[in-house]
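Visitor: Return atomic coordinates for the entry below.
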Amino acid sequence: MVFERFSRNARVAVVLAHEEARELGCHEIGAEHLLLGVVQAADHDLSALLDGYGLTADVIRARLAEKSTAPDESFQEDAEALRAIGIDLDAVRDAVARTFGRDAFAHALPRSGGVGARAGIPDLPGPPRRRSSWRSEKPWRTTTT
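Guide: Reported below is the predicted structural model:
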């Protein structure tokens, strides 16, 4: 995705779609989240047109609420599967929250130079870079004994 080629409204729509997906407890941004983002980021003319067809953010959210079953059944299934092999997901989440902060799981943004950065969202720190071993070796130095 070439995010810098998006208009400002399109970038805002994608960021809003990300927020909607997170608020709805979804792990992916789907077309329904993008639609919500577009409706919210629409300029006055487009907003009036969509509203004329009854397409508002509240209507879309209500339809999504009707469609969804449990908040996140797959999460419960995953937690049960991990528990079966001796991993307590709640304990892992608590440890991550203590170490990195309560909202550590809420940030699913790309690292430096990614989509989030170009949309004006601050980058998250990436993993530490590993130094190449050849730099520590100095082949041009020879010792004579």
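
Visitor: contacts and neighbour counts: CA atoms only from here.
Guide: Fine.

Visitor: So which residues of this protein form helices?
Guide: Taking DSSP state H as the criterion, the chain carries its helices at 8-23, 31-41, 44-52, 57-67, 73-84, 89-100, 115-118, 133-136.

Visitor: Can you check what angle separates the fourth one from helix 44-52?
Guide: Helix 57-67 and helix 44-52 meet at an angle of 40 degrees, taking axes from the mean of the first three to the mean of the last three Cα atoms, to 10 degrees as the criterion.

Visitor: returning to that earlier point: ranking the helices of the chain by mean pLDDT, which is last?
Guide: Per-stretch averages of pLDDT across these put helix 115-118 at the bottom, with a mean of 40.

Visitor: List the buried residues of stretch 48-56.
Guide: The neighbour-count criterion (16 or more other Cα atoms under 10 Å) identifies Leu55, Thr56 as the buried residues of stretch 48-56.

Visitor: And for stretch 56-66?
Guide: Buried positions in stretch 56-66, judged by neighbour count with 16+ other Cα under 10 Å: Thr56, Ala57, Ile60, Arg61.

Visitor: Enumerate every residue touching the second one.
Guide: Translated: Ala57. Under the criterion of Cα atoms under 8 Å, 6 or more residues apart in numbering, the contact list for Ala57 reads Leu36, Val39, Gln40.

Visitor: so which of the residues you listed is the most crowded?
Guide: The residue in the contacts of Ala57 with the most neighbours, by other Cα atoms under 10 Å, is Leu36 (26 neighbours).

Visitor: hang on, that one packs against Ala17?
Guide: Yes. When contacts are counted by Cα atoms under 8 Å, Leu36 is listed as touching Ala17 (6.3 Å).

Visitor: Quick check: of the contacts of Ala57, which lies closest to Asp51?
Guide: Among the contacts of Ala57, Val39 lies closest to Asp51 (Cα to Cα), at 9.0 Å.

Visitor: if I look at the closest one, how far off is Ile85?
Guide: To Ile85, Val39 is 44 Å away according to Cα to Cα, to the nearest Å.

Visitor: Would you mind giving the contacts of Ala57 as CSV with distance to Ala79 added?
Guide: Formatted as CSV, the contacts of Ala57 follow (distance: Cα to Cα, whole Å):
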residue, distance to Ala79
Leu36, 30
Val39, 35
Gln40, 34
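
Visitor: Perfect, that will be all.
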